[in-house]
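**Q** Predicted model and sequence follow; I will ask about them next.
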Amino acid sequence: MQFTLRPYQASDLESLVKHANNAKISKFLTNKFPFPYEKKDGEAFIRLALSHEPLQIKAIVVNNEVIGSIGVHQLADIYSKSAEIGYWIAEDFWGKGIVPLAVKEMLKYGFETFDIERIFARTSHTNLASQKVLKKAGFVFEAELKGTIFKNGEYFDELIFGFRKHQLI
């Protein structure tokens, strides 16, 4: 399925809110991604996405409609050579092969744009789909931290996957 990654636009608000307002997506993301996901949340997110220079967050777009989001965020201080990647995609597009390709595109962008050597992702032990995406994109399992995620009244193990700059082909 054809998709593009591009900067967010104010006109993306309606499709962003439509696709982000899903408890099945929110349950695997930080509490900064609320459910229900309302217009005010979408407006704040688009402002945030456009506030970074260079760009850190891109919209995942199919047929001119935002169906997800992906970002690479460089860390600071002693962690400045690493960046964290995060993403989500609308439920209607799960299992279509879009996210592994979007992740690979953002890896290239991240290493070209930021002075980093590693991009990593964190996921809960129950988010098997995200683990599969990361493995397909070439990430390597680095660590398991027991009970470090607390979401909706439950503890989850945190899995960390990493990708090193030298792995780019």
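**A** Arrived safely. Numbers count the residues shown, from 1 in each chain.

**Q** Can you report how many residues lie near residue 111?
**A** By the criterion of other C-beta atoms under 10 Å, residue 111 has 21 neighbours. The way it works is simple: take the backbone N, C-alpha and C, and place the C-beta from them, glycine included.

**Q** repeat for residue 108
**A** For residue 108, using other C-beta under 10 Å, the count is 11.

**Q** Can you tell me the closest non-neighbouring residue to it?
**A** Using C-beta to C-beta, 6 or more residues apart in numbering and skipping the chain neighbours, the partner closest in space to residue 108 is residue 168 (6.6 Å).

**Q** Could you do residue 120 as well?
**A** Nearest non-adjacent residue to residue 120 (C-beta to C-beta, 6+ apart): residue 162, at 4.4 Å.

**Q** And residue 62, by the same measure?
**A** Nearest non-adjacent residue to residue 62, counting by C-beta to C-beta, 6+ apart: residue 3, 5.0 Å away.

**Q** List the buried residues in stretch 137-151.
**A** The neighbour-count check on stretch 137-151 (16 or more other C-beta atoms under 10 Å) flags 137-139, 149 as buried.

**Q** Of those, just say which sits nearest to residue 102.
**A** Residue 102 lies nearest to residue 137 out of these, by C-beta to C-beta, at 8.9 Å.

**Q** Wait, the closest one touches residue 104, no?
**A** Yes: using C-beta atoms under 8 Å, residue 137 is in contact with residue 104, at 5.3 Å.

**Q** tell me, which helix in this protein spans the most residues?
**A** helix 98-113 (DSSP state H).

**Q** Put the alpha carbons of it into PDB.
**A** Presented in PDB, the C-alpha positions along helix 98-113 are these (Å, rounded to 0.1, in the frame of the first residue of the first chain):
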ATOM      1  CA  ILE A  98       3.000   0.200   6.200                       C
ATOM      2  CA  VAL A  99       4.600   0.700   9.600                       C
ATOM      3  CA  PRO A 100       7.800  -1.400   9.000                       C
ATOM      4  CA  LEU A 101       8.400   0.700   5.800                       C
ATOM      5  CA  ALA A 102       7.700   3.900   7.600                       C
ATOM      6  CA  VAL A 103      10.100   3.000  10.400                       C
ATOM      7  CA  LYS A 104      12.800   2.200   7.800                       C
ATOM      8  CA  GLU A 105      12.200   5.600   6.200                       C
ATOM      9  CA  MET A 106      12.400   7.400   9.500                       C
ATOM     10  CA  LEU A 107      15.600   5.500  10.400                       C
ATOM     11  CA  LYS A 108      17.200   7.000   7.300                       C
ATOM     12  CA  TYR A 109      15.800  10.400   8.000                       C
ATOM     13  CA  GLY A 110      16.900  10.300  11.700                       C
ATOM     14  CA  PHE A 111      20.500   9.300  11.000                       C
ATOM     15  CA  GLU A 112      20.800  11.900   8.200                       C
ATOM     16  CA  THR A 113      19.200  14.700  10.200                       C
END
